[in-house]
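Engineer: Generate a structure from the sequence data that follows.
(chains A and B)
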2 protein chains.
Amino acid sequence: MGEKKEEVIILGIDPGTRITGYGIIEKLKGELRYLSHGEIKSPNDSPLSIRLKLLFDSLMAVVNKWQPQALVIEDIFYGKNVKSLIIQGHARGAVLLIAPFNNIPVYEYSPLEIKKAVVGYGRAEKKQVQQMVKTILNLSKAAPPDASDALAAAICHAHYQKMEFL
Amino acid sequence: MGEKKEEVIILGIDPGTRITGYGIIEKLKGELRYLSHGEIKSPNDSPLSIRLKLLFDSLMAVVNKWQPQALVIEDIFYGKNVKSLIIQGHARGAVLLIAPFNNIPVYEYSPLEIKKAVVGYGRAEKKQVQQMVKTILNLSKAAPPDASDALAAAICHAHYQKMEFL
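Structural biologist: This next block holds a predicted model:
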């Protein structure tokens, strides 16, 4: 009675206008448990506004099903070309809206923080992240790249539980 | 009977995470009529996700009130720094969602096209655009910059009525 409820369901999202990965884990008394992951793919020939709506609706359904208490996304990595960064910005805009729509706080971590939390050092390669996510969460096989990155973000938050909001 | 309904209400939007301008005009038998304009301002100290939600909700209210049949936004102008372009991308993502939420098509014009349509040449300055919008729409006083840009985008669409979707 009066105890702090320790269970927390964390939704990690790796946003993109073509493929958005998501991953859901649960942190229960310090233990991590894998719940779900998936990729939301948008048809290439659809207008951007329609792709964003598909992304938004799909993530709303995920939130509705799993009722996460935290939404975690990776900070933008500036090493890409400007055009793809801007497009990614559009996807992130749609993804971020999910949080206030469901009264969930947003947490943001840099790619470096996420890799450090999952692999142990910040310059790890995508494959290593994928492998470590599989190991940490006891997955029977590795999740696809975007879903793996989303799970990695969720794991990172489970470790740090940063209190900053985006 | 069977005649094409010529009236069209056009919503122009100039997206930003701090200030988003919007403007609404009506095209009736080739004539333009001013209906409304405004600026949606977000508190600087709110998290980005909350600012995007405020923007989204405010624009949904505008659409609900005016029932536009077209949503027009300016294409991104690449002459800014990458960080502000990405942030603008987030705002555009939230704005674009408004369209499928209300079954409205999206039209996009370049800054050059908009200036050409409103002032007559593509290199016009912001002040000139503001002045011409005031003149074209018979406003008693010039609209603030962001609302003016939004009205200019709407005017541009009234002239061209491009059939491309974003």
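Engineer: contacts, neighbours, all on C-alpha from now
Structural biologist: Noted.
Engineer: Flag every residue of chain A that's near chain B.
Structural biologist: By C-alpha under 8 Å from any C-alpha of the partner chain, the residues of chain A that approach chain B are A:47-50, A:52-53, A:82, A:85-94, A:96-97, A:99-101, A:106, A:165-166.
Engineer: ok, now with 10 Å
Structural biologist: Residues of chain A that fall close to chain B, judged by C-alpha under 10 Å from any C-alpha of the partner chain: A:46-54, A:56, A:76, A:78, A:81-101, A:103, A:105-106, A:164-166.
Engineer: And the strands in chain A?
Structural biologist: Ranges of strands in chain A, per DSSP state E, are A:8-14, A:19-28, A:31-41, A:70-74, A:106-109.
Engineer: Residues touching the last one, excluding its own?
Structural biologist: Outside strand A:106-109, the residues within contact range by C-alpha atoms under 10 Å, 6 or more residues apart in numbering or on different chains are A:11-12, A:69-76, A:96-100, A:114-115, A:153-154, A:156-157, A:160-166, B:47-50.
Engineer: about what we covered before: in TSV: the strands of chain A, plus mean pLDDT.
Structural biologist: What follows is the strands of chain A, written out as TSV (pLDDT from 0 to 100):
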stretch	mean pLDDT
strand A:8-14	96
strand A:19-28	95
strand A:31-41	96
strand A:70-74	95
strand A:106-109	94
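Engineer: Quick one: closest of these to residue A:139.
Structural biologist: strand A:31-41 (7.8 Å; C-alpha to C-alpha).
Engineer: which other helices and strands contact the closest one?
Structural biologist: With contacts taken as 3 or more C-alpha pairs under 10 Å, 6 or more residues apart in numbering or on different chains; DSSP states H and E, strand A:31-41 sits against strand A:8-14, strand A:19-28, helix A:48-66, helix A:126-136, helix A:145-160.
Engineer: For residue B:119, see how far away the nearest residue to residue A:116 once chain neighbours are set aside is.
Structural biologist: With sequence-adjacent residues excluded and distances taken as C-alpha to C-alpha, 6 or more residues apart in numbering or on different chains, residue A:116 is closest to residue A:122, at 4.7 Å. As defined by C-alpha to C-alpha, to the nearest Å, residue A:122 lies at a distance of 52 Å from residue B:119.
Engineer: same thing with residue A:68?
Structural biologist: For residue A:68 relative to residue B:119 (C-alpha to C-alpha), the value is 51 Å.
Engineer: Residue A:65 too?
Structural biologist: In terms of C-alpha to C-alpha, residue A:65 sits 52 Å off from residue B:119.
Engineer: Listing request: residues of chain A with sub-threshold pLDDT.
Structural biologist: With pLDDT under 70 as the threshold, chain A has low-confidence stretches at A:1-7, A:162-166.
Engineer: change it to 50
Structural biologist: By pLDDT under 50, the weakly predicted segments of chain A are A:1-3, A:164-165.
Engineer: rewinding a little: may I see the helices and strands packed on strand A:31-41 arranged in TSV, with mean neighbour count as well?
Structural biologist: Formatted as TSV, the helices and strands packed on strand A:31-41 follow (neighbours: other C-alpha atoms under 10 Å in any protein chain shown):
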stretch	mean neighbour count
strand A:8-14	27
strand A:19-28	23
helix A:48-66	19
helix A:126-136	17
helix A:145-160	26
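Engineer: Distance to residue B:37 for the ones you listed - can I get that in CSV?
Structural biologist: CSV is the format used below for the helices and strands packed on strand A:31-41 (distance: least, C-alpha to C-alpha, whole Å):
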stretch, distance to residue B:37
strand A:8-14, 36
strand A:19-28, 35
helix A:48-66, 23
helix A:126-136, 47
helix A:145-160, 40
